[in-house]
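S.K.: Structure for the following, please:
(chains A and B)
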Amino acid sequence: MSVRGETMLWIAQRASAVLLAVCVTVHLVTMTYAIRGGLSAVEIFARTRGSIGWLAFYTLFVVAVTVHVPIGLRSALGEWLGWRGRSRDMVLAAFALALGALGMRAVLGVFA
Amino acid sequence: MRNHSGYWAFAVHRVSGIALALFLPVHFWALGRALEGAASLDALLAWTEMPLVKFAEWGIVLLLAAHFAGGLRILALEFLPWRDWHKSLAAAAAAASLAVGLAFALAL
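M.R.: Sure thing, here's the model as predicted:
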């Protein structure tokens, strides 16, 4: 990959990290609160169904994860397994697509 | 190098990141069961009540907290003029992750 491409990935990784810092804080607080007294589908749906706010939040969360995770894995695969080049990036692009699709499926599942 | 707190901060960040990357597709798939209705999601939630699964959940939350705290450390080192504070930042990251993990454990 070109130096410009690597720089773009570096910027995307940091920008998504800043977004994730906010999302993870909200997620940890919500989770700790929500599990009190046990979790149930009804309780989850009562919070999320038809809520544009939660839809926007989780969509942003999934987008940030879809950007952040494959770039992080890219470094790990390169440095620890020595796997670099086009094949690694193609596999990671497919992983990103799958992760984004599964994530949005889950978001729509609790919203609709 | 391996005795340096910076190395351990890097290793924890790398390993927790890989674990979270493996967990996320499963997490999303599980939540996607909501599409099949409340009963399907409740069946999965009942499974998560098993002690071993609860323990694994606590572990993944601790890893999330560790990765989160380690990520804040990296952002601080790269974007803030705090380079002499490496060790205190690593310690703060470890403390913050432990605190969140314990808070979650206590609420289980």
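S.K.: quick one: buried residues of the lowest-mean-pLDDT helix or strand in chain A?
M.R.: Scoring the helices and strands of chain A by mean pLDDT, DSSP states H and E places helix A:41-48 at the bottom, with a mean of 92. Neighbour-count burial for helix A:41-48, counted by 16 or more other C-beta atoms under 10 Å in any protein chain shown, picks out A:A41, A:I44, A:F45, A:T48. Using the backbone N, CA and C atoms, a C-beta is placed for each residue, glycine as well.
S.K.: Out of the residues you listed, the closest to A:L19 would be?
M.R.: A:T48 (19.9 Å; C-beta to C-beta).
S.K.: how about the closest one, what does it touch?
M.R.: Shown in contact with A:T48 (C-beta atoms under 8 Å, 6 or more residues apart in numbering or on different chains): A:W54, A:L55, A:Y58, A:V110, A:F111.
S.K.: Okay, and which of these map to helices?
M.R.: The helices, defined by DSSP state H, take in A:W54, A:L55, A:Y58, A:V110, A:F111 from the contacts of A:T48.
S.K.: Got a quick PyMOL command for the buried subset of the residues you listed?
M.R.: Here is the PyMOL command that selects the buried residues among the ones in helices among the contacts of A:T48 (16+ other C-beta under 10 Å):
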select buried, chain A and resi 54+55+58+110+111
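S.K.: Dihedrals phi and psi, B:E49?
M.R.: B:E49 has phi and psi values of phi -80, psi -10 when expressed as degrees, to the nearest 10.
S.K.: Contact partners for it?
M.R.: By C-beta under 8 Å, 6+ apart, the neighbours of B:E49 are A:G38.
S.K.: Report pLDDT for the residue lying farthest from the centre of chain A.
M.R.: In chain A, A:G37 marks the outermost C-alpha relative to the chain mean, sitting 27.4 Å out by C-alpha atoms, centre = their mean. The per-residue pLDDT reported for A:G37 equals 80.
S.K.: Now for the ones in helices among the contacts of A:T48: which two are most distant?
M.R.: That would be A:L55 and A:V110, which, of those, are the farthest apart (C-beta to C-beta) at 8.9 Å.
S.K.: Ignoring the adjacent residues along the chain, who's closest to B:V12?
M.R.: B:A66 (5.6 Å; C-beta to C-beta, 6 or more residues apart in numbering or on different chains).
S.K.: and the one you found, what element?
M.R.: helix B:51-79 (DSSP states H and E).
S.K.: Which secondary structure elements does that helix sit against?
M.R.: With contacts taken as 3 or more C-beta pairs under 8 Å, 6 or more residues apart in numbering or on different chains; DSSP states H and E, helix B:51-79 sits against helix A:3-34, helix B:5-31, helix B:86-107.
S.K.: before we move on, the earlier item: considering only the ones in helices among the contacts of A:T48, which also neighbour chain B?
M.R.: By C-beta under 8 Å from any C-beta of the partner chain, the members of these lying near chain B are A:V110.
S.K.: All set now, cheers.
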